[in-house]
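> Build me a model:
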Amino acid sequence: MGNNKSSLDELYQCESHEWYRKFMTECPSGLLTYYEFKQFFGLKNLSPTSNEYVQSMFSTFDMNDDGFIDFMEYVAALSLVLKGGVQQKLRWYFKLYDVDGSGCIDREELLLIIRSIRAISGSDDGMTAEDFTNMVFDKIDADGDGELSYEEFMEGIQADEMLLERFTQSLDLTHIVAKIYGEVQMMEPNKH
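Reported below is the predicted structural model:
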């Protein structure tokens, strides 16, 4: 006990009614707005770039594009984060990176997201966001057109172990889920 795997197992086994109670405590209307989304995850005083990234993330979770995240969308997002396979996560990453919805990711879109992720997480892997973006395009832009199609992105990332690891780590949201789970656990003693 006490190891990382057991804490992840506890996250996976958290009962849905606890998630529902937490969701409804934070969002009594049953609909999470963008403002509440930021509050829910403790995202304050964001730079304009980071704010754009969070807005993109909110939009990808808002699957029916109604401007809100309802409980089912919330559960789907958590399920993706906790249990989603590589293919599912890469599909979600592609949608997140394709800021303008064109079906392709250009350098500016990828650069914007990489800068935003780094600003929010405070991470720096020794490579500038520009260098990382250029490396991604050099490695996986198969036709050299300056845009990554869905196929190029999916095949290229999966074929390069280092890129797959970096993308997976950069969008690892388990710390956010752990925060929510911790708050649910703190609520538990009060329920009796």
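> from here on, contacts and neighbour counts on C-alpha atoms
OK.
> Which stretches in the protein count as helices?
For the chain, applying DSSP state H gives helices covering 4-13, 16-26, 34-40, 48-61, 71-83, 86-97, 107-121, 129-140, 150-159, 161-170, 174-187.
> which ones are touching residue 154?
Residues near residue 154 by C-alpha atoms under 8 Å, 6 or more residues apart in numbering: 87, 90, 91.
> ok so, going back, output the helices of the chain in TSV; the columns should cover mean pLDDT.
Formatted as TSV, those follow (pLDDT from 0 to 100):
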stretch	mean pLDDT
helix 4-13	50
helix 16-26	73
helix 34-40	81
helix 48-61	79
helix 71-83	76
helix 86-97	82
helix 107-121	78
helix 129-140	91
helix 150-159	93
helix 161-170	80
helix 174-187	50
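> on that earlier part again, which of the contacts of residue 154 are buried, as a ChimeraX select command?
Selection of buried members from these for ChimeraX, criterion 16 or more other C-alpha atoms under 10 Å:
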select :90
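> Make JSON lines from the contacts of residue 154 and add distance to residue 109 to it.
Output for the contacts of residue 154, formatted as JSON lines (distance: C-alpha to C-alpha, whole Å):
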{"residue": "87", "distance to residue 109": "21"}
{"residue": "90", "distance to residue 109": "16"}
{"residue": "91", "distance to residue 109": "16"}
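> Tell me how many other residues crowd the nearest residue to residue 150 once chain neighbours are set aside.
Spatial nearest neighbour of residue 150, excluding adjacent residues (C-alpha to C-alpha, 6 or more residues apart in numbering): residue 104 at 6.5 Å. Residues lying near residue 104 (other C-alpha atoms under 10 Å) number 20.
> I'd say residue 104 and residue 149 touch.
Yes. The criterion here is C-alpha atoms under 8 Å, and residue 104 meets it with residue 149 at 4.7 Å.
> What distance do you get for the residue nearest to residue 88 when sequence neighbours are not counted to residue 136?
Residue nearest to residue 88 in three dimensions, not counting chain neighbours: residue 80, with 7.2 Å by C-alpha to C-alpha, 6+ apart. Separation of residue 80 from residue 136 (C-alpha to C-alpha, to the nearest Å): 24 Å.
> Between the two, which has more neighbouring residues?
With neighbours defined as other C-alpha under 10 Å, residue 80 and residue 136 compare such that residue 136 has more, 19 against 15.
> ok, the more buried one - contacts?
residue 163.
> Can you give me the distance of it to residue 43?
28 Å.
> And residue 34, by the same measure?
Counting by C-alpha to C-alpha, the gap from residue 34 to residue 43 is 11 Å.
> Ok, residue 104 next?
28 Å.
> follow-up on the earlier one: more neighbours, residue 34 and residue 43?
Shown here are residue 34 and residue 43; by other C-alpha under 10 Å, residue 34 has more neighbours (18 against 15).
> What degree of burial does residue 50 show, as a neighbour count?
For residue 50, the neighbour count with other C-alpha under 10 Å is 22.
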